[in-house]
Every structure is written in structure tokens, then in C-alpha cells.
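> Quick one, structure for this:
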Amino acid sequence: MAFNIEDVKQLKELTGVGLTDAKRALEESNGDFDKALAAMRQKGLTKAEKRSAREARAGQIGSYNHDGRIGVLVEVNCETDFVARNELFQTLVKDLAMQIAASAPDYISTEDIPSEVVERVHKELKDKAVSEGKPADRLDGIVEGQFKKYCEEHCLLAQPFVKDAEQSVDAMVKEYAARLGENIVVRRFQRMVLGEASS
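Have a look, this model is predicted:
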């Protein structure tokens, strides 16, 4: 399958890799753009995961206001002011604020769920499975599956991304990190609903 310079440029733009890497990926995939894109995204995500140990203290506090009824503030950190001013980074911050407004997470990640909440939810899910007569030898698997769903509802990074439900918010953030070449961390957020008492 043939490819042209526009394919190379588009692959570079979508993944943040250099022109040479983009050309090589297309050559290795015999010109199959989707295959090359998947390979480069995986490569970028691997690099992003290696970057995650690096300090991220620059960044931006973004906001989103929905009809004057739901307001969100979110702090997203990166490593440098240069990236914090980048339009791509600012798009990420806006998307995260919109995600929080739409999906109302309680925590950033599964690691942020307090242990007592984890225990309580596990117990509730197990009691429910027992009351429904689920087989004893399958209880642990059922509870783990249900707990994963709980995390997808309550943890920002585990949620399906509102603009692309096939992708988790965590995968979306890592993709931006790969394209921008820096560690990116969602530090904290606050979601307010008009007339709702704060907890």
C-alpha cells in the first residue's frame, strides 16, 4: 500500500513523533495508516509511562461553566511553562474540565479511593451477589468486575472519555503526554452544582 508525504505529516501531527519515525512506521506497516498510527500511539504511551516519574509542577488551572449551573476548576500539571502555554495542553485542560462537569467523578484515580470506601463497596457488592444467589466460587470475580464498574463511574481517570467512549480519560491524558513530550498529572479538581451543599 502506497503512502505520501501528507500521510507522514498527518501521522507526525497525531502522535508527536518525528518525521523520520512517522515515515518508518508507515514503511513498516506497508502504508497502512491505521496500523502505523496504532504502533506510534503505543510507542508514545510507553514513553509517556516512563516520563511519569518526572516532576510536574508547571501547568494550568482550567475552568468550565455549564449554563451557569455547573462549575469546575481543575489543576493539570506539566513539566515546563513552555508546554503549559501550548494550545494542545490547554485543549487537554478544557477537555478534562468538561469531563468533570459531565461525569461528576469523586476521585482522580482508583488509588485515591479511601481504603474504608473500598472495603465498604466490596462488602456491598459481595452481599448483593450472595443475595442474588450467585455461585460462591464466582463471587470474587463478580465483585472485582462490579468494582471496576464502580471505579469507571467514580474515578476521573478510569471513566470513558466523553468525546470518545472507546478511550479512558487516563489513556487520553497519556496520549497528550506522548504528543507533548512531558509528564502530565491531573492534580486536583472541584466541581460545584448550583444550590447543592458542599460535602
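
> Might one say that G59 is in contact with A84?
Yes - using CB atoms under 8 Å, G59 is in contact with A84, at 5.2 Å. C-beta here means a position set from N, CA and C on the backbone, and glycine is covered the same way.

> who's more crowded, these two?
For the pair G59 and A84, the greater number of neighbours falls to G59 (22 against 18), based on other CB atoms under 10 Å.

> how many neighbours does the closest residue in space to that one that isn't next to it in sequence have?
In space, G59 comes closest to N77 once its chain neighbours are excluded; the distance is 3.7 Å by CB to CB, 6 or more residues apart in numbering. Neighbour count of N77, defined by other CB under 10 Å: 19.

> returning to what we had before: name the residues contacting each of G59 and A84.
Jointly contacting G59 and A84 under the rule CB atoms under 8 Å, 6 or more residues apart in numbering are C78.

> so Q60 is in which element?
strand 58-66 (DSSP states H and E).

> same thing with E6?
helix 5-15.

> Show the average pLDDT along that helix.
Averaged across helix 5-15, pLDDT comes to 72.

> for stretch 107-123, same thing?
Averaging pLDDT along stretch 107-123 gives 92.

> Wait, a helix at N77?
No - using DSSP: H, G, I helix; E, B strand; the rest coil, the assignment for N77 is strand, not a helix.

> residue contacts, it?
Counting by CB under 8 Å, 6+ apart, N77 touches 56-59, 184-187.

> Pick the one among those residues closest to A129.
Checking those against A129 by CB to CB gives V186 as the nearest, at 32.3 Å.

> so is the closest one in a helix, a strand, or just coil?
Secondary structure, three-state DSSP: V186 is strand.

> can you pull out the helices in the protein?
Residue ranges of the helices in the chain, as given by DSSP state H, are 5-15, 19-28, 33-51, 81-84, 87-103, 115-131, 139-154, 169-180.

> Run through the bridge partners of the residue nearest to G59.
G59, V185 (DSSP bridges).

> Around Q10, how many other residues sit close by?
When counting by other CB under 10 Å, one arrives at 15 neighbours for Q10.

> measure it to V169 for me?
25 Å (CB to CB, to the nearest Å).

> What does the residue at the greatest distance from the centre of the chain show for phi and psi?
Relative to the mean C-alpha coordinate of the chain, counting by CA atoms, centre = their mean, the farthest residue is G133 (35.9 Å). Backbone torsions of G133, given as degrees, to the nearest 10, read phi 80, psi 30.

> Model confidence score at it, please.
At G133, the model reports a pLDDT of 81.

> same check, this time on the one 5 residues further on
The predicted structure scores R138 at 84 on the pLDDT scale.

> Could you do F147 as well?
pLDDT, read off for F147, is 90.

> All further residue positions should be reported with the first residue as 725.
Fine by me, first position is 725 from now on; the one you just mentioned is F871.

> ok, it to L849 distance?
F871 sits 6 Å away from L849, going by CB to CB.

> which regions of this protein sit below the pLDDT cut-off?
Filtered on pLDDT under 70, the chain yields the residue ranges 725-726, 735, 737-743, 765-778, 922-923.
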